[in-house]
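1. Show me the folded form of this:
(one chain, ligands or ions: 1)
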Amino acid sequence: MDQIIIKTESDLPAPLFTAPAIPDYIKDTYHWAYIDPATVSWLDRGLIVWAILWGNSGRLMRAAFQEIKPGGSVLQAAYVYGDFSPSLGRHVGPDGSLDVIDIVPLQVDNCRARLRGLPWARIRLADAAEPGGGPYDAVCCYFLLHEMPRDKKIDVVRGLLDSVAPGGKVIFVDYHKPARLHPLKGVMNLIWRKLEPFAIDLMETEIEALADDGDAFTWSKETFFGGLYQKVVATRR
Ligand SMILES: C[S@@+](CC[C@H](N)C(=O)[O-])C[C@H]1O[C@@H](n2cnc3c(N)ncnc32)[C@H](O)[C@@H]1O
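-> Okay, here's the model as predicted:
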């Protein structure tokens, strides 16, 4: 049977599917990182992710996967460069399912190519604020919140918390305010100011505080690498 790939509004009659628009924060701040095919093909490599995360990519990925039981239904809230999505797919395994979503069509194409050979893992175009497809056993939100303005952070946290089943977890891995004497504090502040301006308010905000339904969850938090990174897990009661 032919496979039908639904990527854009033109693939289906309008009432059935409306593709989300690429938000302004991506067009204005992250065009070079996620929309421009020339830089995207260069950036989508494990070595680049490893360097951007100061050698911590494997450790942070394992910290996220540790919260996710193989064989469950899992949502990945946005594509991540390198081997993250196929690794998560292999971790979930053929007895489970992985849905990856992304709001940029080029990223959907990249991810689809990476997920070849893992039929239980799929990618679709969607906004993490309205992911659909739930409820899931686990939702993984990896280095997404720091890229969006505050209002969008709140919408995405709400959309992801709403997507998890009772007993299920939403796992957020992202930047965090580094320790006062962290040797990389100066360079990270420069990078955030110049390239990732929406990361700055995450330094002063607990992810839990972005949730308007926080009492329905138990929350845990762990920091890594001198506080530069955090894992926050919200488990639905
Ligand atoms: C997960 S984040 C950052 C990951 C990190 N820089 C990396 O790739 O290693 C990057 C992805 O988030 C996607 N994205 C941004 N806003 C989104 C939203 N509201 N819904 C779904 N995906 C979104 C971007 O298109 C991009 O592919």
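
2. For residue 51, which residues are in contact?
-> With CB atoms under 8 Å, 6 or more residues apart in numbering as the criterion, no residue contacts residue 51. The way it works is simple: take the backbone N, C-alpha and C, and place the C-beta from them, glycine included.

3. The strand or helix carrying it near the ligand at all?
-> Using DSSP states H and E, residue 51 sits within helix 46-52. Yes - Helix 46-52 lies within reach of the ligand by CB under 6 Å from any ligand atom, at residue 49.

4. Just give me how far the helix or strand that that helix is followed by sits from the chain centre.
-> Sequence order places helix 57-65 as the next helix or strand after helix 46-52, per DSSP H and E. Averaging C-alpha positions (CA atoms, centre = their mean, to the nearest Å) puts helix 57-65 13 Å from its chain's average.

5. what's the average pLDDT for the helix or strand that comes right after helix 57-65?
-> Past helix 57-65, further along toward the C-terminus, the next helix or strand under DSSP H and E is strand 73-76. What strand 73-76 shows for mean pLDDT is 98.

6. Show residues contacting strand 73-76.
-> So strand 73-76 is in contact with 68, 84-85, 88, 92, 96-101, 131, 133-134, 136-140, 142, 160, 163, going by CB under 8 Å, 6+ apart.

7. Identify those among those residues that sit within helices.
-> 84-85, 88, 92, 160 (DSSP state H).

8. Pick the one among those residues closest to the ligand.
-> Proximity of the ones in helices among the contacts of strand 73-76 to the ligand (CB to the nearest ligand atom) peaks at residue 84, which lies at 7.0 Å.

9. how deep is the closest one tucked in, by neighbour count?
-> Neighbour count of residue 84, defined by other CB atoms under 10 Å: 24.

10. which one is it nearest to, not counting chain neighbours?
-> residue 61 (6.1 Å; CB to CB, 6 or more residues apart in numbering).

11. in the helix holding residue 51, what's buried?
-> Buried residues in helix 46-52, counted by 16 or more other CB atoms under 10 Å: residue 49.

12. Next: stretch 220-237.
-> Buried-residue list, stretch 220-237, by 16+ other CB under 10 Å: 224-226, 228-236.

13. How about stretch 119-137?
-> 120-129, 131, 134, 136-137.

14. Ends of it, what's the gap?
-> 19 Å (CA to CA, to the nearest Å).

15. what does this protein put close to the ligand?
-> So far as CB under 6 Å from any ligand atom goes, the chain lies against the ligand at 26, 34, 49, 78-81, 101-104, 107, 127-129, 142-144, 147, 156.

16. Can you spell out which helices and strands pack onto the least confident helix or strand in the chain by mean pLDDT?
-> Ranked by mean pLDDT, DSSP states H and E, the weakest helix or strand in the chain is helix 37-43, scoring a mean of 92. With contacts taken as 3 or more CB pairs under 8 Å, 6 or more residues apart in numbering; DSSP states H and E, helix 37-43 sits against helix 105-114.
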